[in-house]
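> heads up, no residue letters with this:
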């Protein structure tokens with residue numbers, strides 16, 4: 001019995017030890033489980049952070065795509081390159097073929113509106129019995145002469161396009177906004193070479209070009225873009241693809257381009273062409289004076305208190321100028337090798353706009369007035385500024 005009791009005690013002790021060991025092991029496992037749970041929580045936080053970062057990256061990608069799309073859409077005022085200008089204008093520039101009784105001629109023109117009006121130079125179509133225009137795609141159509149103005153060397157033709165020909169008028173720009181050195185593009189048909197493109201700059205503005213009747217065309221643009229026989233009547237374009245002039249003449253001793261070309265400004269085109277379309281002719285304002293531009297040496301010699309303006313030398317009989325009382329010169333002098341008739345009025349302003357040259361005066365008259373209008377000339381007379389009202393006539 002004693003042995004049995006000892007055995008029972010030993011078994012009890014062993015049971016207690018096993019229970020203790022189990023408790024210790026369970027505590028250890030519990031700690032490990034807590035560590036695993038903590039690790040799982042950390043991984044979950046990392047996954048959540050990674051998801052947030054991916055969402056931010058997606059937003060950044062979206063913004064980048066949007067910016068790329070914006071770059072493709074060119075801002076309205078951003079300059080085009082020459083290839084882009086040509087592609088936009090090529091279907092609007094035509095070759096003008098003129099057949100006369102004695103001779104024939106080739107020039108250039110461009111589509112002015114969707115009604116089939118074509119702008120070109122008067123000297124291109126002058127004397128022609130038949131006129132044809134041909135597009136770059138090979139379409140050739142007979143044209144009729146709608147109207148012309150010798151004194152600005154502009155003419156308007158009209159075609160009846162077939163249903164499969166979509167006319168693409170060229171937009172007019174503002175030649176007055178041109179600056180010396182601005183790049184320009186000329187498109188035309190020199191020597192019959194259709195669709196030729198040349199580039200250059202605005203060399204100067206405000207040149208005076210004599211018309212076939214001897215009157216001066218004002219505000220003419222001087223360019224160094226190569227133009228030759230066959231370019232006449234073609235568009236001069238700025239780098240936005242707008243027509244700022246009509247190429248019309250070159251300064252040459254050989255008959256070919258020598259670095260000086262001229263274009264009728266778009267400001268005159270915008271004034272004259274609509275009238276030619278409506279009436280067939282354009283009436284120019286007329287004052288009835290002739291003279292020269294004043295300079296500092298002549299002003300000093302004549303005792304005039306200004307050094308620029310238009311010196312009136314002669315006044316035509318029975319003209320608007322004579323009826324308004326404008327005075328011509330009375331004394332002939334020679335200054336720097338040139339002869340002047342001094343003693344008359346010096347025009348320094350018209351309707352408040354400063355006049356420093358003949359070009360200023362003619363440009364204002366062409367762009368802003370019509371026969372019958374009243375203008376106020378500010379003149380220097382006997383050393384003082386005097387306002388003279390003139391009722392404009394029509395140029396004979």
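Cool, got the structure. Just so you know, these numbers come straight off a predicted model, no measurement behind them.
> in its sheet, what does the helix or strand harbouring residue 200 sit against?
Assigned by DSSP states H and E, residue 200 belongs to strand 196-210. Applying DSSP bridges, strand 196-210 is found paired with strand 183-188 (antiparallel), strand 216-223 (antiparallel).
> A helix includes residue 269, no?
Yes. Residue 269: assigned to a helix according to DSSP: H, G, I helix; E, B strand; the rest coil.
> quick one: stretch 206-217 to chain centroid distance?
The chain centre lies 24 Å from the centre of stretch 206-217; the measure is C-alpha atoms, centre = their mean, to the nearest Å.
> Can you get me a residue count around residue 102?
Other residues near residue 102 come to 5 when the count uses other C-beta atoms under 10 Å. C-beta: built from backbone N, CA, C; applies to glycine.
> Could you list the low-pLDDT ranges of the chain?
For the chain, the stretches flagged by pLDDT under 70 are 1-76.
> Okay, strands next: where are they in the stretch 151-300 of the chain?
With DSSP state E, counting those that start in this stretch as the criterion, the stretch 151-300 of the chain has strands at 154-158, 183-188, 196-210, 216-223, 235-237, 243-250, 261-265, 285-286, 289-293.
> which one of these is the most hemmed in?
strand 235-237 (a mean of 31; mean count of other C-beta atoms under 10 Å).
> possible to save the strands of the stretch 151-300 of the chain as a markdown table with distance to residue 138?
Output for the strands of the stretch 151-300 of the chain, formatted as a markdown table (distance: least, C-beta to C-beta, whole Å):
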| stretch | distance to residue 138 |
| --- | --- |
| strand 154-158 | 19 |
| strand 183-188 | 17 |
| strand 196-210 | 17 |
| strand 216-223 | 30 |
| strand 235-237 | 20 |
| strand 243-250 | 24 |
| strand 261-265 | 28 |
| strand 285-286 | 44 |
| strand 289-293 | 50 |
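> nearest to residue 136, of those strands?
Nearest to residue 136 among the strands of the stretch 151-300 of the chain is strand 183-188; the distance by C-beta to C-beta comes to 10.1 Å.
> bridging residues for residue 117?
Applying DSSP bridges to residue 117 gives these bridge partners: residue 158.
> For it, which residues are in contact?
111, 146, 156-158, 273, 277 (C-beta atoms under 8 Å, 6 or more residues apart in numbering).
> Closest to residue 97 out of those residues?
Using C-beta to C-beta, residue 157 comes nearest to residue 97 of the contacts of residue 117, at 11.3 Å.
> Can you tell me how far the closest one is from residue 351?
35 Å (C-beta to C-beta, to the nearest Å).
> Quick check, residue 140 in contact with residue 133.
Yes. At 7.2 Å, residue 140 counts as touching residue 133 under the criterion of C-beta atoms under 8 Å.
> more neighbours, those two?
Per other C-beta under 10 Å, whichever of residue 140 and residue 133 has more neighbours is residue 133, with 23 against 12.
> if I've got this straight, that one is in a strand?
Yes. Counting by three-state DSSP, residue 133 is found in a strand.
> Tell me the bridge partners for it.
Applying DSSP bridges, one finds that residue 133 bridges with residue 96, residue 141.
> OK, contacts around residue 237?
Counting by C-beta under 8 Å, 6+ apart, residue 237 makes contact with 85, 89, 170, 173, 184-187, 243-244.
> Can you give me the end-to-end span of stretch 176-195?
Distance across stretch 176-195, first residue to last, is 27 Å (C-alpha to C-alpha, to the nearest Å).
> distance between that stretch and the chain's centre?
12 Å.
> Please apply the same query to stretch 247-261.
With C-alpha atoms, centre = their mean, you get 23 Å for stretch 247-261.
> Just give the number of residues close to residue 389.
Residue 389, neighbours per other C-beta under 10 Å, totals 10.
> wait, isn't residue 248 in contact with residue 209?
Yes. Using C-beta under 8 Å as the test, residue 248 is close enough to residue 209 to be in contact (7.3 Å).
> Now for those two: what residues contact both?
Contacts common to residue 248 and residue 209, judged by C-beta under 8 Å, 6+ apart, are 153, 220, 262.
> OK, contacts around the first one?
To tie it back to what came earlier, the one meant is residue 153. Neighbour list for residue 153: 121-123, 209, 211-212, 217, 248, 264 [criterion: C-beta under 8 Å, 6+ apart].
> can we see that at 10 Å?
120-124, 126, 209-212, 217, 220, 232-233, 246, 248-249, 262, 264, 268 (C-beta atoms under 10 Å, 6 or more residues apart in numbering).
> Domain map for the protein?
Annotated domains of the chain cover 1-73, 76-282, 285-394 [automatic domain parsing].
> Need the winner for burial among those.
domain 76-282 (a mean of 19).
> Pull the distance from that one to the chain's centre.
15 Å.
> Minimum distance to residue 78: which of the strands of the stretch 151-300 of the chain has it?
Nearest to residue 78, of all the strands of the stretch 151-300 of the chain, is strand 183-188, at 13.8 Å by C-beta to C-beta.
> Next, the angle strand 261-265 makes with that closest one.
90 degrees (axes from the mean of the first three to the mean of the last three C-alpha atoms, to 10 degrees).
> Quick one: the helices in the chain, in order.
Here the chain has its helices, by DSSP state H, at 2-72, 82-89, 122-125, 266-279, 296-302, 320-324, 358-368.
> what's the closest non-adjacent residue to residue 146?
Nearest residue to residue 146 in three dimensions, chain neighbours excluded: residue 156, at 4.4 Å (C-beta to C-beta, 6 or more residues apart in numbering).
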